[in-house]
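Colleague: dropping the sequence and predicted coords here.
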Number of protein chains: 2
Amino acid sequence: MSSDSAGPTIAEIGEFGLIDQVLAGLPTQEAVRVGPGDEDAVRVGPGDDGAVIDFSGPVVCSTDTMVEGVHFRRDWSWAHEVGRKAAAVNLADIEAMGARPVALLVAFSAPPELPASWARQCSQGLAEEAAAAGAVLVGGDMTRSGEVTIAVTALGTPAAGGPVLRSGARPGQVIALRGRVGWAAAGLVVLSRGFRSPRAVVEAQKVPQVPYGAGAEAAAAGAGALIDVSDGLLADLGHIADASDVTCDVDTGAFEVPDPLRAVAAATGSDPLALMLTGGEDHALAATFDEGRVPEGWLVIGRVRDAGPDGPGVLVDGAPWEEASGYEHFRR
Amino acid sequence: MSSDSAGPTIAEIGEFGLIDQVLAGLPTQEAVRVGPGDEDAVRVGPGDDGAVIDFSGPVVCSTDTMVEGVHFRRDWSWAHEVGRKAAAVNLADIEAMGARPVALLVAFSAPPELPASWARQCSQGLAEEAAAAGAVLVGGDMTRSGEVTIAVTALGTPAAGGPVLRSGARPGQVIALRGRVGWAAAGLVVLSRGFRSPRAVVEAQKVPQVPYGAGAEAAAAGAGALIDVSDGLLADLGHIADASDVTCDVDTGAFEVPDPLRAVAAATGSDPLALMLTGGEDHALAATFDEGRVPEGWLVIGRVRDAGPDGPGVLVDGAPWEEASGYEHFRR
């Protein structure tokens, strides 16, 4: 995008100059608290060999990478949006453990000719998304590479009742969803065809709306299993089914198709329900709850059943879903 | 290297198949203990949205990336060696905080045509190097990219007396070194000219020998400042000087030039001392200690002085060093 190409490149500024600029440009962050009443948990932030964070107990950690041309395109997204997305997909993994995000580390690789402003805006996006989730950037690494790659590691602390794993779903529980599904996939359909609208799905593809705090809600409500929808709802419920040795039966009657998804489906001759069931990258949270314990704001979308004679799996309205169920890297 | 190109590619095996193979192929690991007498600290390992590790207090964390063509070449190094190096450079950062490594997370990006055996051997190298440092692989991510990129995040726990930062050097302290300097740089000189010997320096370029446990030794001895030599000794002592507002004066009489470095220097018409003072990637540890408190096995190489009228900096035998002092990314 045009403003990204202004100003000096990162080669001209150099690694240490760029790090200084990035650190100076980060928004002021509130103190990060690991537990209620704690003082600022970040004892050492960026600038040393490592960061030091006080954790009073378990640490939840996860890592996820975004690669230019695979997860984002610089002609589709502003640097700030790429940064927000890189943070969001990792913060969602912490939420998906029934935990609260605390800190991010960012390993940033880029070609020397990348404008330094792009790297700065990307790191600001990372920091702002972290702040939205209650977390802070504590460290990072910058290195030269052929393509922009942003590998983020998120650290968090289990919420009351957490951590919640994929393996705790029990037959008889209901399956519930918090957040949007199908929006980012619809945005990809639109962008891939050279369009920029409906704007809402394009925005969703560029920056997911992670339901921050919902992981803690699920943990507090005694969720059996919890996951974020990154590969697609059916694929991710399949991960719960496998880990819990159950069958997840999705009731399509529970879904209301949002207008932008209906519009994209109509324009492309596709099925809006398929977008919702198989589209990834929105990072909604899906959980299983005992009947009557579903937290406010979660939509009940199905039920956990005993694994059938063929083993654990996912059903849609009681029957196998015949289409591809999600995204897998390396296969195209 | 020839055996790397055998067998199916990661595209043929697919993301989830490859993850299964990698997890199955990892060496059996001892339980990881965060503190003496603790039970296994890793409560949840790979396979969920995140890992869960019990920390009773502060967590030290750091991230560092290795990119094909920048930090390693597949025609120079076996996959196993690349994995070991990717782990070692991160484990060294934890040591450099006066801490003990506990866990690694690995974000692995690669082209679909990469042989699956390469990814497996690389992850085995990662796990074995982690084990050598007392740590374990707890999670990761695999994604598609144009070049092999391995972003590792290391977590650790401060040793008794730690963490030790870069900012605690005090005038009057001595500067001491644990580990090798110049070997990896000499190896790069050799490999860049198409040679494979002296073998010792070539091996050092491919896999650094990090002095595991030396970070804890430094912390226990009350080190003022501590860093690992990744950019080059003078450059990294410069980081200590800046953070501590002191001058680090290196005494070249303390160094004995090892035979392989002497051989490389003679063959290439270069100065072996320059290799030792400016060569990075060996990940020795450099620390400042009060006189008489230098732990066994550390070599005293200089003294901390008050910052001069020009501010903090590094001197060599009392005078400025005229040549380039270390490696910086993005600049070539």
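Modeller: Nice, thanks for sending it over.

Colleague: only C-alpha atoms for contact and neighbour calcs from this point on.
Modeller: Will do.

Colleague: which stretches of the stretch 201-332 of chain A form helices?
Modeller: Along the stretch 201-332 of chain A, the stretches classed as helices by DSSP state H, counting those that start in this stretch are A:214-220, A:233-244, A:259-268, A:272-278.

Colleague: ok, which of those helices comes nearest chain B?
Modeller: helix A:233-244 (8.8 Å; CA to the nearest CA).

Colleague: how about that closest one against chain B, any contact?
Modeller: No. Helix A:233-244 does not reach chain B (CA under 8 Å from any CA of the partner chain); its nearest approach is 8.8 Å.

Colleague: for A:Ala87, what are its contacts?
Modeller: Going by CA atoms under 8 Å, 6 or more residues apart in numbering or on different chains, A:Ala87 touches A:104, A:126-127, A:129-130, A:152.

Colleague: OK, contacts around the nearest residue to A:Gly313 once chain neighbours are set aside?
Modeller: Leaving aside its chain neighbours, A:Gly313 sits nearest to A:Thr247 (4.8 Å; criterion: CA to CA, 6 or more residues apart in numbering or on different chains). Taking CA under 8 Å, 6+ apart, we find A:Thr247 in contact with A:171, A:241, A:304-308, A:311-315.

Colleague: re earlier: looking at the contacts of A:Ala87, spot the one nearest chain B.
Modeller: A:Val152 (8.5 Å).

Colleague: tell me what the helix or strand harbouring the closest one is packed against?
Modeller: Assigned by DSSP states H and E, A:Val152 belongs to strand A:149-158. Secondary-structure packing of strand A:149-158 (3 or more CA pairs under 8 Å, 6 or more residues apart in numbering or on different chains; DSSP states H and E): strand A:58-67, helix A:79-95, strand A:99-110.

Colleague: the second one to strand A:99-110, inter-axis angle?
Modeller: Spelled out, it's helix A:79-95. Here helix A:79-95 points in a direction 140 degrees away from that of strand A:99-110 (axes from the mean of the first three to the mean of the last three CA atoms, to 10 degrees).

Colleague: around chain B, which positions in the stretch 151-300 of chain A sit nearby?
Modeller: A:151, A:153, A:163, A:165-166, A:227-228.

Colleague: can you do 7 Å?
Modeller: The stretch 151-300 of chain A has residues A:151, A:153, A:165-166, A:227 near chain B, with proximity defined as CA under 7 Å from any CA of the partner chain.

Colleague: which one of the residues you listed is nearest to A:Pro58?
Modeller: A:Leu165 (14.0 Å; CA to CA).

Colleague: quick check: that closest one touching A:Ala223?
Modeller: No. The pair A:Leu165 / A:Ala223 is not scored as a contact, 9.2 Å apart, by CA atoms under 7 Å.

Colleague: still on that earlier bit, among the contacts of A:Ala87, which pair sits farthest apart?
Modeller: A:Glu129 and A:Val152 (12.5 Å).

Colleague: can I get the contacts of A:Ala87 in a markdown table with pLDDT and neighbour count?
Modeller: Output for the contacts of A:Ala87, formatted as a markdown table (pLDDT from 0 to 100; neighbours: other CA atoms under 10 Å in any protein chain shown):
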| residue | pLDDT | neighbour count |
| --- | --- | --- |
| A:Leu104 | 92 | 26 |
| A:Leu126 | 93 | 28 |
| A:Ala127 | 91 | 27 |
| A:Glu129 | 96 | 24 |
| A:Ala130 | 93 | 26 |
| A:Val152 | 96 | 28 |
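
Colleague: hmm, back to that, of the residues of the stretch 151-300 of chain A next to chain B, which is the nearest to B:Phe195?
Modeller: Nearest member of those to B:Phe195, counting by CA to CA, is A:Ala151, at 34.0 Å.

Colleague: ok, how many other residues are close to the closest residue to that closest one other than its chain neighbours?
Modeller: Closest residue in space to A:Ala151, ignoring its immediate chain neighbours: A:Thr65 at 4.1 Å, by CA to CA, 6+ apart. Residues contacting A:Thr65 under the criterion other CA atoms under 10 Å in any protein chain shown number 30.

Colleague: contacting residues for A:Thr65?
Modeller: A:Thr65 is in contact with A:149-152, B:107, counting by CA atoms under 7 Å, 6 or more residues apart in numbering or on different chains.

Colleague: let's see if you can find the most crowded of those residues.
Modeller: Neighbour counts for the contacts of A:Thr65, by other CA under 10 Å, peak at A:Ala151, which reaches 33 neighbours.

Colleague: strands of chain A, start to end?
Modeller: A:42-44, A:51-54, A:58-67, A:99-110, A:136-144, A:149-158, A:174-178, A:226-228, A:246-250, A:285-289, A:299-306, A:313-316 (DSSP state E).

Colleague: in CSV: those, plus distance to B:Gly7.
Modeller: Output for those, formatted as CSV (distance: least, CA to CA, whole Å):
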stretch, distance to B:Gly7
strand A:42-44, 46
strand A:51-54, 41
strand A:58-67, 26
strand A:99-110, 30
strand A:136-144, 30
strand A:149-158, 27
strand A:174-178, 41
strand A:226-228, 34
strand A:246-250, 35
strand A:285-289, 38
strand A:299-306, 39
strand A:313-316, 31
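
Colleague: for A:Arg193, find the nearest of the ones you listed.
Modeller: strand A:58-67 (20.7 Å).

Colleague: now do that closest one, average pLDDT.
Modeller: When pLDDT is averaged over strand A:58-67, the result is 93.

Colleague: what's the angle from it to strand B:99-110?
Modeller: Relative orientation of strand A:58-67 with respect to strand B:99-110: 30 degrees, computed using the same axes, to 10 degrees.

Colleague: which one of the strands of chain A lies nearest to B:Trp118?
Modeller: B:Trp118 lies closest to strand A:58-67 among those, at 19.4 Å (CA to CA).

Colleague: from the chain's centroid, how far away is the closest one?
Modeller: Its chain's C-alpha centre and that of strand A:58-67 lie 10 Å apart, by CA atoms, centre = their mean, to the nearest Å.

Colleague: give me the angle between that strand and strand B:149-158.
Modeller: Here strand A:58-67 runs at an angle of 160 degrees relative to strand B:149-158 (the same axes, to 10 degrees).

Colleague: how about low-confidence regions in chain A?
Modeller: A:1-6, A:27-40, A:324-332 (pLDDT under 70).

Colleague: tell me the centre residue of it?
Modeller: A:Val89 (2.5 Å; CA atoms, centre = their mean).

Colleague: so what's the residue count around the closest residue to that residue other than its chain neighbours?
Modeller: Sequence neighbours aside, A:His283 is the residue nearest to A:Val89 in space, at 6.8 Å (criterion: CA to CA, 6+ apart). A:His283 is flanked by 30 other residues according to other CA under 10 Å.

Colleague: A:His283 against A:Leu226, yeah?
Modeller: No. In this structure A:His283 lies outside contact range of A:Leu226 using CA under 7 Å: 12.0 Å.

Colleague: quickly list what the residue nearest to A:Gly313 is bridged to.
Modeller: Beta bridges link A:Thr247 to A:Arg305, A:Gly313 when assigned by DSSP bridges.

Colleague: coming back round to it: C-alpha coordinates for the strand holding A:Val152, PDB please?
Modeller: The C-alpha trace of strand A:149-158 is given here as PDB (Å, rounded to 0.1, in the frame of the first residue of the first chain):
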ATOM      1  CA  THR A 149       7.800 -13.600   8.400                       C
ATOM      2  CA  ILE A 150       6.400 -12.800  11.800                       C
ATOM      3  CA  ALA A 151       6.700 -15.500  14.400                       C
ATOM      4  CA  VAL A 152       5.000 -14.600  17.600                       C
ATOM      5  CA  THR A 153       5.100 -16.500  20.900                       C
ATOM      6  CA  ALA A 154       2.400 -15.700  23.400                       C
ATOM      7  CA  LEU A 155       2.500 -16.300  27.200                       C
ATOM      8  CA  GLY A 156      -0.500 -16.400  29.500                       C
ATOM      9  CA  THR A 157      -1.700 -17.400  32.800                       C
ATOM     10  CA  PRO A 158      -4.600 -19.800  33.400                       C
END
